[in-house]
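# I'll drop the sequence and a predicted model, then ask my questions.
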Amino acid sequence: MSSFSDALGALKNVLLLQDNMSQVRQDIADLTDDVDDLNDYVVSIDKRVVRIETMIEMSQNAPSQKRLEE
């Protein structure tokens, strides 16, 4: 009976490992989605920063215009 008990214990461990692996796969898929979302967000921020830098450079390179006196 000890062999049968050991076999059942091993089978139980295999089933638990399969369940754990399923959860790990789901966690990895969720993390992959999160990383993709973060990447999209970073790209959008980068584009905004480039626009702001361009505006600053254009304003620094533009000749200063004097205001008309009232």
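Received, thanks.
# distance of R51 from L15?
Taken as Cβ to Cβ, to the nearest Å, the spacing of R51 relative to L15 amounts to 55 Å. Heads up, the C-betas are built off the backbone N, CA and C, glycines and all.
# hang on, I meant V24
Note on V24: its distance to L15, by Cβ to Cβ, is 15 Å.
# Ok, A29 next?
Plainly put, A29 is 21 Å away from L15 if you go by Cβ to Cβ.
# And for D40?
With distances defined as Cβ to Cβ, the gap from D40 to L15 amounts to 38 Å.
# and S64, what element?
Secondary structure assigned from DSSP states H and E places S64 in neither a helix nor a strand.
# How many residues are close by it?
Summarising burial for S64: neighbours were counted as other Cβ atoms under 10 Å, giving 5.
# could you dump stretch 35-52 to CSV, C-alpha only?
Output for stretch 35-52, consisting of C-alpha atoms alone and laid out as CSV, is shown next (Å, rounded to 0.1, in the frame of the first residue of the first chain):
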residue,chain,number,x,y,z
VAL,A,35,4.7,46.3,-20.4
ASP,A,36,3.1,46.9,-23.8
ASP,A,37,0.8,49.5,-22.3
LEU,A,38,3.7,51.2,-20.5
ASN,A,39,5.7,51.2,-23.8
ASP,A,40,2.9,53.0,-25.6
TYR,A,41,2.7,55.5,-22.8
VAL,A,42,6.4,56.2,-22.8
VAL,A,43,6.3,56.7,-26.6
SER,A,44,3.5,59.2,-26.2
ILE,A,45,5.4,61.1,-23.5
ASP,A,46,8.6,61.1,-25.6
LYS,A,47,6.7,62.7,-28.5
ARG,A,48,5.3,65.4,-26.2
VAL,A,49,8.8,66.1,-24.8
VAL,A,50,10.2,66.5,-28.3
ARG,A,51,7.5,69.0,-29.2
ILE,A,52,8.2,71.0,-26.0
